[in-house]
Every structure is written in structure tokens, then in C-alpha cells.
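Student: Okay, structure incoming, though there's no sequence with it:
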């Protein structure tokens, strides 16, 4: 809203205090909008008529300011969060003199400044009442910011059709007024890539750009491209070879393929706004960048080489004319090069001059071409005796019947003749290729393309029937080849009844050396025509118009491809010049490619490849429609309804068949090139999201398969460890993330759980944004996992939420993975109580439980710039993000290191922004617990870490590295269903761990060691699990060393209740308030189990001190009987001073089976 005049309230009224953030505007509105620093502004509309003695209406420009007022500077920034602007009633009454500020603090009178301005350049847009000269926001007579449907809300940023408005966000309409509003970006799918923004901006900036309608832009171009030289110099030969019937079949077959493709093109073109890029744009936005990028490159190249083809065709005709008058300059090949070079330079000049000049040239060439066609048909009705010796006798039923059937000669066949004709039909995308220069592509492309196919198809059929009905297949051109009436009865040819016998050029062995007729003379249509030179002009027109269309299409398609930045290094060709954004650099590149092939002057090999490139484009356009229909996406709503997904699929198959019919090796080469480019683009993974049908079909298939999976009962053979890993922020505990990813990658589900706690109100919008960013971070680091954060009062409650609700159908976690709480003795013991209860909850929900312990710790989040130190992220040079902690309790399972007061934003993947997030992320803190400040500093050398942090950082990358030759020691002491054995098996099957051997340790009796070893070996062999050794621990029940027992007792001393030394009531009260305390009775009851944990630690140090990883059965504690401090002490004693240790306890349901 524009800034109000700073007029005070009426006399007698106290001005509103500044801290209320309200200022009443009873003066005029400035003519133009003025930015305000407030996010919200309040607008008041006076509904009732005011009294005449009120202040003057806002339309009165001479209204004096009340006494004591101070003039406001234009554009003065509004103070506070709200500003009141009065609006005049349509009846002409004045607004109230003073309105209590409190009256406007309701959710329906808050107007977002961001909801009004265009995101393109900060311009503000307002609804303006021309009757009262006031800005207002009214919906159905009610003053509200809830906007009615408006097309401007659905535009993309800098869209060429108009400016984008941002509708009021849900937060602005729903949240409390004292709650800080969110800085919302675009809705899902509305974000533009930088390339799209640049393209849209360039499209919106030029003024006076030339735009074409459906006739001039599409119909004319398609007709000129389809009516190629084939019409004049090959159609008659096709009729001579295949006959009238099969020639019509050939034309109809080609027309069927092009019609289906035209219908598919129309469907895609009417499913949303079409920008420049033609076939590339249609395919890429439908099937995605992989297919679009592949086809875009070869389609642009094919058009560039097609320029050379058409120009060489023109040059050959010119050289033939020069030869007929003996005007050859050097020799035939060099003359073709000279004429072709001059021609392509002239065509380049026309193209560079602008689309308007090119369009005028196309109109002129179309007039010449249509004149030549009419010239032929008129001439066919005017038989001349001088033309009879060359095979033209006028329309005759005898000639028509004789030419009705095929007469294939030499190596020709139906398919070889079809292969020669079909390239004549490959011009249907000439209009779509300049889609960016069309005034209404959604109307022009369907109408112009389909009408062009219809008109050209009819003309081709008419020429086929006409030539077959008035011209014989063979003629000598000799006027003396006539027959006497005596032997006329023995003549059977159609020419005999006209008195001609052309058998002299037919030998007895079936060979022909005739010079004229359908089979022999490519220029026979010139003979038939009323005026022969016009046919030559038509040939020139057909070749030059096709060359000109291709010379324009190739740069336009290539420019669109380069703007999307699919292939690195091609950005320089994306720049456009002039009011039409002409790709001058693309014109030069196309010219160079065309000139190179013109200088070859032999295009017989490359021509079929070009036809196959066009056909590959047609096939993918048809497949795009089938794919989009199959995906059943709600976004697939083409306004052109005359298409069918199965017809489109048939069209795609037909295009592929025709490719191999034309030239099988060229078809193979085309497929290899397309697949090579597809693989390259897939590998590069361009950061674009165009809402392709591939994405829609992936969702559809995932949903279908998930439902199908849920209808089938689980089977032991298909068990997979599906882990809920309590990582917190995904890069806070890299070792935990990497280890679990090692045995779940391509095997099972992995969900990174994060419980967010704190005293502030939950910011669910921020939680959603962080989820998107962290998921992107996981993908960027090639971690196949899902990030799932939740808000909860404490970590146990949040973990319970995740245990119950994480996953979908059968894709649900079955194993809880947490990090060992290394600092449990240093913090609040209630955190230990919560930590142990999480493990109990996992067992209550029938989950398995896994605890990972590294002696260095797991949490690296306190290390500033840890991502720089690990070289896992790139940081912008000279930029430093500083985060100041708000001293909140970390809600993650491992708090082995205290939180730092100042740490780098790079520590959190939420700050690892893509280009499209940079603008939004710079405006607000990205982590709920931190405040982000960005400062520009000179580059600094990496910080020096203390020894402990350096060891922690090194240990965090332990499982990311290739594991050398070593062992994974499995201490399978208790049968939990086999999870303790399955995890190390899956781990050692991975490339990073396949050099490690599995050693199995089991408990046993000293007198049954051999028996127990054989029994375990038998079991492992039945499970088909390789192992290097089996160790039976016969001394597992030996008493531990006294010093270790003493150390344990000293460790638990601070946590004992010592109820025998206090009153019973006091002891019970203390136990109730501190349930983690260890009672004397409990300690004595579980003395044997305590000793076993101490003894196991001694055995672990003895046997597995050099192992790469230890996987061990986790001891269980009965819920309600064993205090959390005692259980934590067991885990501490069991796992201390060891290599990486994984404590595993399945849910005691079998996960291994030896049955098939």
C-alpha cells in the first residue's frame, strides 16, 4: 500500500501511541504506491454514509490539514506492524474522523504487502476504485484480504503474459495477529529455475515483438515444409513404381503417422502455456529433461543439416539449368558448392534481418509454390500433340487402369519407395518450432498443423491420381514412334490407341532405356504443366522455403535448449538480441554446420539419418501423450480433446517402424545417439523440475505398488531391515547415517527421524521447509533415506510419534536405531530415563532395537564448519554464515558433546541451499533453534581443531571409507530371530565391506565346545551365510576381574537410592521423583547379570579389539524392574573402550529361514 499522509487525528482525539503501530490516514493517497517496511497493513472501508460536517472526502485535493499537523514526506516508511487507511464510501460520504485502532486488529483486515507486490521486481499492484479514487480490498461486500480467484495468482515469475501476484498466505489469514508471519515463497511447482526465470524475463521485456497468428506462423510454414521437392521431382516416379493404388496407400500411411503426431502435438501444446523451443519444449516439459535434452540436441542438429540438404537440392537444380545452356563454371560438384554457399549466405541474411522479413519471404515462396501446383493441374487438362511422344496424352481411363497396379523395377519395393517418399511428410513441426514467436501457440499449433496436414495430403493424393491418369510409364520422346493402322490390333499398351508404340526402348530381357514417362523422367511434371519454368520456380520455392524454415527452427530450438542449461558450456548460445530475442549466435552456428555439409555436396548418407532424427522426435511426442495419459495426473488437462492415449502409442510405434523401414542402420544409430544423450543427462541430473509425466507416473506407480504390497502378507524370506534412525539433523551424526545406509541401501527403508523440542510454539511451516531442504541434502549426498521431523514435548514423545506413524503401508520401519548416549553421566539423569524408555517403547511397538557406539562419540554438530573440513560441501568463497544458539535443549538421542554457542550454518544441511532457495533462505533463519546472520569476510584458512574434535571428526567418516581387510565380529549370544546375524551379512555384501570376514562368537559350556561349534556351523550353512570362524566362549560365566567389578560399583554409586539408609517414606518419595535411581534390592537381584556384562567386556577386549566392527546381542532389561541408571550402566560397561560396537536386539520374530 502507498504510505499515508501523516495527518493527526481530529481535534480532541489523542493520537495513537507509536508502539501500537497504528496511524490513521484521513488525507489523500499518493498517486503511486510507496513501499512500506511493515509486512501487514490494515485497510478500512467505511460502509455507512458519514455526516456532512466530517472532514473532507479524500478526493478533495485542496483539503487543509488540521491545525498542528505536520506534513508527511512522500514515501515515508510506516512504523510498527499495522497501518490504517480510510476508504470513502461510494455514496460520497466522508470517512470517520477517528477510529479506535483496536477495531482493526482482526484477521480479515490484515493485508500482506507481499500479497500485493509482483515478485518480478517489487512493483506493487492494487485494486483501484475509479468511482471513489481509493484503493480497497472488498470481497462480496466484506472488507477482507481473502482474495477472489484471479489469473495473476497463477502466473509464473516474470511470465510474458503478465505480472504475477502473490495471494495472501494461509498463515496471514489463519495465524494470530501477534505471531510473526512467514516469508512464503511460491507454491509447490511454481518455482522457476534460474534458466526459466531468465527466459521468462527476456520474454517479458521486449516491446513491439513480432508475433504471428496461426496462418502466417504455422499453416504457411508447415505447408511449405511438407510440400518439398518431392512433390515435383519424385511423386511421378513413385506413381510409376507403385501404381496409383499403392501410391495412395503410401501417401495415406505417411499422413496417418503425421496426423497422429499432429493430434499429439496439439494435445501437448494445449496443456498449458507454450514457450519457445518447439519439439524440444513440448517433449522436455512432458517427459522431462532426459528425453527432452536428447531430442532437443539432435533435432536442432537435424534442422541445421536439413538446411544443407535443401540448399544442395536447390543448387543441383540450378547447376542442371546451367548445364543445359552450357554455362558450367568449373565442374558439377564445385558449382554445387559455389551456388549452395551463395544461397545459404542469402538465407542467413534474411533470417538475421528478423522474423518479420523471414515471414514475408515465406509468404512470397508459398505464392510461387501454389502457382506451380495450379500450373501443373491446369496443364494436365490441356493435352498437346507435341507432348504425346514424351508420354503425356491427357486424362484417359486406359492409362489410369494401366497405371493402377505396381511395376517395381530393379531393386525397388513397396517399402523402399515408401522410404523415399516419407521425408516429404516430415515438416509438421515447422510451426511448433517457432512457438515462442506465436501470438497464441495453444490455438495456432493445433489449427495450423492439422489443417496443413489435411491440405498437403489432399494435394499429394491429387498429384498421384492425376499423374497416373494422364502419363504413361515409358515413352521415347520420338515423334516417329507411331504405329500403322494395320498392326494396331496387336498393340496392348495404353499409348497404342493414341497411335504410339514405345516398345522400341524396351528390350526382350526386361530392361528399359526409355528417357520419358513416369518411370524415367523426374521432370515430367514440367512437361505436363501449362508453363514449364513455373514448375522450376516451384522447385526453387520448395527447396528455399524448407531451407529457410529449417534455418530458423534450428537456432530457436537450440536457444531454448541452452537456456535450460541441460548441457554445460552451451550457455553462450542462449542469449537473444533485438525485440524478438533473436538467437544470432545460434544462426551463426547453424550457418557453419550447414556450410560444412554443403561443401561435402554428397548427402545421400546423412539424409536418412536426418529423417530418422525427425521420426524420433515424432515418436517421443506421441509417447509423451500416452505417458501423460497413463500417469493420470490431475495436471494433464489439454483443451484439445481429439486425442487418444492408445492411438498416440500406436503412432509412436509406427514412427519407430518407419525409422527402420527407411534405413535400419540409420535407425539404430539414431537410437544409440538418443540413448547416449539420455544416459548423459540422467547422470548429470540437471536441477530442473518441470512437472513432467515421468514424475507423475513415478508417483502413480509408487502408490499402486504400495497398495498392492499392503495386500500381501509379509514372508520371512522377504524380510528387510527397515530402520528408523534417530539422527537428528542428518549431518549431525554422519557415522550413524553412513553405517545404517550401508546395510539398507537398495535393500530396505531408512528414515532419519528428528524430534524437535523447545519452549516456543511449534513452527510447522518452518518444519515443512526444513524437511524439504534436508531431503534435498540427503539426495545431494547420495543417501537413500527419508528425513522425517516432528514436534513434541520431549524426545520420548516424539519418538513414540515416529514409531507409530512413520512410513506408509508395508513401507514402515521395523527397527529403531539410535546412537549411544556417551555423556549420560554428565547431564540430567532424567534424560537417561527418557533415553532408556525410548528403547522400551521400541520393544513395546514390536520393533527391533539397534544402538551404535563409537568411543569418540557420534555428534559432530558442535564443530564449526565441519562440512568444509570434511570436504562434503562446497562453500561460497568469502561468505560465512554464523549461527548464534538460543540455548535450547537438543532433542537428539546422542548428546555426547555440549552445544557450542557459535557454530557455522554449514553445520546444518538446512542451509545447503540450491540456487532457487538462496533468495528465500537469506531472508529468515532456517533452523528453529538458531538465528542466522550472513557476513562477508575474506577467505580464511580452515580452523584448527583440538585433538578430541579432530578424532571425532575422523571417526564420523569411518563408515564412509572403504573398509580394508579385517573382520566383523558377531557376538550372537541370544537368539533374537536372526537380526543380529542378518545385519552383518547385509553389511559384508556391500562393496565397502566385502573385504571383511564374519567371525561368529557364541556362548557355550566348556565341555561342549566342539558340539556347539558344529551346531552353529550347520545353522549358518543352512542360512547360506559365509563365515570365517566360529568361536565358542566356554569361559563366559567366569567371574570378572575384581578391579572391573570395583570400577562398576564406583560408577553406579552416585545413582543408588540406598533405601536402607533412610526412612521408607523418604525412599519412596525419592524413587518417585527420581525413578532412575538404583535400589539395593534391584542391585542384588541382578548381580549375576551385572557380572556377565563386566565379563563380556573383558572377553570383547580379548577377542575383538582389532575388529572393524562388533555386532553384539543387546542385553534386555525387564521394564519396571530394572532402573534406567542400572540398564545404562550395563550398556556402558559392556561397550566401553572397544572398536565400533553395534548392539542389536530383534523383536524375536524370525527374520532368517533355511526353507525355499
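Tutor: Perfect, thanks for sending it. The shown structure was predicted, so the numbers you read here are calculated from the model rather than taken from an experiment.

Student: Please tell me how far residue 686 sits from residue 293.
Tutor: When distances are taken as Cβ to Cβ, to the nearest Å, residue 686 and residue 293 turn out to be 8 Å apart. Heads up, the C-betas are built off the backbone N, CA and C, glycines and all.

Student: Residues that sit against both of the two, list them.
Tutor: Between them, residue 686 and residue 293 share these contacting residues under Cβ atoms under 8 Å, 6 or more residues apart in numbering: 564, 566.

Student: Okay, helices next: where are they in the stretch 751-900 of the chain?
Tutor: Remark: helices of the stretch 751-900 of the chain, listed N- to C-terminal, are 764-780, 795-805, 829-844, 866-870; assignment by DSSP state H, counting those that start in this stretch.

Student: quick one: which of residue 686 and residue 293 has more around it?
Tutor: Higher neighbour count among residue 686 and residue 293: residue 293, with 24 against 18, using other Cβ atoms under 10 Å.

Student: and residue 358, what does it touch?
Tutor: With contacts taken as Cβ under 8 Å, 6+ apart, residue 358 has the following neighbours: 350, 351, 548, 552.

Student: Mind doing that once more with 6 Å?
Tutor: 350, 351, 552 (Cβ atoms under 6 Å, 6 or more residues apart in numbering).

Student: With pLDDT added, can I get those in TSV?
Tutor: Conversion of the contacts of residue 358 to TSV gives the following (pLDDT from 0 to 100):
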residue	pLDDT
350	82
351	80
552	84
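
Student: Could you identify which of those residues has the most neighbours?
Tutor: Across these, the neighbour count under other Cβ under 10 Å reaches its highest value at residue 552, namely 29 neighbours.

Student: Compare the helices of the stretch 751-900 of the chain and report which one is nearest to residue 968.
Tutor: Comparison of the helices of the stretch 751-900 of the chain against residue 968 by Cβ to Cβ identifies helix 829-844 as nearest, at 23.3 Å.

Student: Report the angle between that closest one and helix 795-805.
Tutor: Counting by axes from the mean of the first three to the mean of the last three Cα atoms, to 10 degrees, helix 829-844 points 10 degrees away from the direction of helix 795-805.

Student: by contact count, what packs against helix 829-844?
Tutor: Under the contact criterion of 3 or more Cβ pairs under 6 Å, 6 or more residues apart in numbering; DSSP states H and E, the helices and strands touching helix 829-844 comprise helix 795-805, helix 1124-1135.

Student: Now do the last one and helix 829-844, the angle between them.
Tutor: Going back to what we said before, that points to helix 1124-1135. Relative orientation of helix 1124-1135 with respect to helix 829-844: 80 degrees, computed using the same axes, to 10 degrees.

Student: So for helix 1124-1135, mean pLDDT?
Tutor: Rounded to a whole number, the mean pLDDT of helix 1124-1135 is 93.

Student: now swap in stretch 426-437 and tell me
Tutor: Along stretch 426-437, the predicted confidence averages to a pLDDT of 81.

Student: Pull up the distance across it, start to finish.
Tutor: From the first residue to the last, stretch 426-437 extends over 21 Å; the measure is Cα to Cα, to the nearest Å.

Student: So what's the gap between that stretch and the chain middle?
Tutor: Between the mean C-alpha location of stretch 426-437 and the chain-wide mean there is a distance of 25 Å, by Cα atoms, centre = their mean, to the nearest Å.

Student: who's in contact with it?
Tutor: Contacts made with stretch 426-437 from outside it, assessed by Cβ under 6 Å, 6+ apart, are listed as 212, 217-218, 221-222, 225-226, 258, 262, 265, 274-276, 278-279, 355, 441, 445, 448-449, 549, 553, 556-557, 614.

Student: Keep only those of the residues you listed that are in strands.
Tutor: The members of those all map outside strands under DSSP state E.

Student: quick one: low-confidence parts of the stretch 1051-1156 of the chain?
Tutor: Applying pLDDT under 70 to the stretch 1051-1156 of the chain flags no residue at all.

Student: Could you pull out the helices in it for me?
Tutor: According to DSSP H, counting those that start in this stretch, the helices that the stretch 1051-1156 of the chain contains are 1064-1073, 1080-1085, 1087-1103, 1124-1135.

Student: most neighbours per residue, which of those helices?
Tutor: helix 1124-1135 (a mean of 23; mean count of other Cβ atoms under 10 Å).

Student: Could you tell me the angle between that one and helix 1087-1103?
Tutor: Taking the same axes, to 10 degrees, one finds that helix 1124-1135 is oriented at 30 degrees with respect to helix 1087-1103.

Student: ok, residues contacting helix 1124-1135?
Tutor: Counting contacts by Cβ under 6 Å, 6+ apart, the residues touching helix 1124-1135 from outside are 824, 832-833, 836, 853, 1048, 1052, 1055, 1076, 1078, 1093-1094, 1096-1097, 1115, 1117, 1141.
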